[in-house]
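Novice: sequence and predicted structure are below.
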There are 2 protein chains.
Amino acid sequence: MWTNMLPLHIDFSAKEVLIVGGGKIALRRLKTFLHAGANITVVSPEACEEIARLAEQNEICWKQEKVSVEHLHSPFLIVAATHDHDVNEWIGKNTRPNQLVNIASKMEKGNVLIPKIVKKGKLTLSISTNGASPTLAKELGEKLSSQFDDDFIKELDMLYEERQRRIRRR
Amino acid sequence: MWTNMLPLHIDFSAKEVLIVGGGKIALRRLKTFLHAGANITVVSPEACEEIARLAEQNEICWKQEKVSVEHLHSPFLIVAATHDHDVNEWIGKNTRPNQLVNIASKMEKGNVLIPKIVKKGKLTLSISTNGASPTLAKELGEKLSSQFDDDFIKELDMLYEERQRRIRRR
């Protein structure tokens, strides 16, 4: 099943995203979804400085407590990124069938893999080795990214603006 | 918001996918999700030959009727691909906040964009111009795909097998 992962590009603006855990991986995931416009709640008794700071600035909500089933009911997407593999797997088992779930420590227990992402203007690329080698995925991302220069991106952005004008006229 | 689309790689095995419409675009979307292992229901009074054949072979379920709100309750992902823009937009308005929705005729009305997808062994790439030019996205997909030869893919598959062995030993 795992090799059948399907890449979809999803609009996360105003979507509820729950990050369980307060460490480095939690922070990395958090940033990905924060930049995508999601409403983020972190659940973790402790958290790294940057998460605490983001919470203080009201960029995210931080619930300074242990995760419980109540936290898992409503989010659109849940990231399980605690240091405890058992807790992460417990989260995976207690989500709803239609929820998006990323289990950082054992991605096979969830249904979402966060790929290497390249964004340049209106161009979005994702690269995944389906877990074979995240390091290689990162390298490929950099290699592919370097193939698109500023002129190309500018041209693409113009095509986008043109299309937007056509849509508004409909 | 639309330029903030986040690519995620999602496991669709046994996920419920609803395709509304029975034409060419519906068929193309259907195949993408069928190959990803989803349980597919098509809702459409009429459908093209291939959809009818797939239903006859029990590869998919075809409900030969007009779409209604009841169809929209449970699917993990909904594709609105009828020939009627108003029906497609009506579908977009009647889905739940946490559902994945692709509106083929006006993707801005949904929350999912289906990118150009490249799959070679364990390598998965997605390419999107965020609607600027689907033709260009397709061309880029072919260009990027050609950069990965069989040796590279074989090596990647070996890395994957190695990782699987490590996981099983955990």
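Specialist: Cool, got the structure. Residues are numbered from 1 along each chain as shown, chains lettered A, B, ... in the order given.
Novice: helix or strand with the lowest mean pLDDT in chain A?
Specialist: helix A:150-169 (a mean of 89; mean pLDDT, DSSP states H and E).
Novice: got the contact list for it?
Specialist: Residues lying outside helix A:150-169 but in contact with it, judged by Cβ atoms under 8 Å, 6 or more residues apart in numbering or on different chains, are A:Lys120, A:Gly121, A:Lys122, A:Leu123, B:Lys106, B:Glu108, B:Thr129, B:Asn130, B:Gly131, B:Ala132, B:Ser133, B:Leu136. In short, each C-beta sits where N, CA and C put it, glycine included.
Novice: in CSV: those, plus secondary structure and distance to A:Val20.
Specialist: CSV is the format used below for these (DSSP: H, G, I helix; E, B strand; the rest coil; distance: Cβ to Cβ, whole Å):
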residue, secondary structure, distance to A:Val20
A:Lys120, strand, 32
A:Gly121, coil, 34
A:Lys122, coil, 33
A:Leu123, strand, 32
B:Lys106, coil, 36
B:Glu108, helix, 32
B:Thr129, coil, 34
B:Asn130, coil, 30
B:Gly131, coil, 34
B:Ala132, coil, 36
B:Ser133, coil, 39
B:Leu136, helix, 39
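Novice: which two from these end up farthest apart in space?
Specialist: Taking Cβ to Cβ as the measure, those span a maximum distance of 25.0 Å, between A:Lys120 and B:Lys106.
Novice: ok, A:Cys48 - how many residues close by?
Specialist: A count of nearby residues for A:Cys48, using other Cβ atoms under 10 Å in any protein chain shown, gives 14.
Novice: mind listing what it touches?
Specialist: By Cβ under 8 Å, 6+ apart, the contact list for A:Cys48 reads A:Gly22, A:Gly23, A:Lys24, A:Ala26, A:Leu27.
Novice: which of these sit farthest apart?
Specialist: Applying Cβ to Cβ across the contacts of A:Cys48, the maximum distance is between A:Gly22 and A:Lys24, 9.4 Å.
Novice: which one of the two is surrounded by more residues?
Specialist: Taking other Cβ under 10 Å, A:Gly22 and A:Lys24 do not tie; A:Gly22 has more neighbours (24 against 12).
Novice: how close does A:Gln147 sit to chain B?
Specialist: A:Gln147 sits 8 Å away from chain B when distances are taken as Cβ to the nearest Cβ, to the nearest Å.
Novice: in a helix, that residue, correct?
Specialist: No: applying DSSP: H, G, I helix; E, B strand; the rest coil, one finds A:Gln147 to be coil, outside a helix.
Novice: one step back: let me know the closest of the contacts of A:Cys48 to B:Ala14.
Specialist: Distance to B:Ala14 across the contacts of A:Cys48 (Cβ to Cβ) is lowest for A:Ala26, with 28.6 Å.
Novice: okay, now the closest residue in space to that closest one that isn't next to it in sequence: neighbour count?
Specialist: Nearest non-adjacent residue to A:Ala26, counting by Cβ to Cβ, 6 or more residues apart in numbering or on different chains: A:Ala81, 4.1 Å away. Neighbours of A:Ala81 under the rule other Cβ under 10 Å: 26.
Novice: pretty sure A:Ala81 contacts A:Ala104?
Specialist: Yes: contact status for A:Ala81 versus A:Ala104: in contact at 4.1 Å, counting by Cβ atoms under 8 Å.
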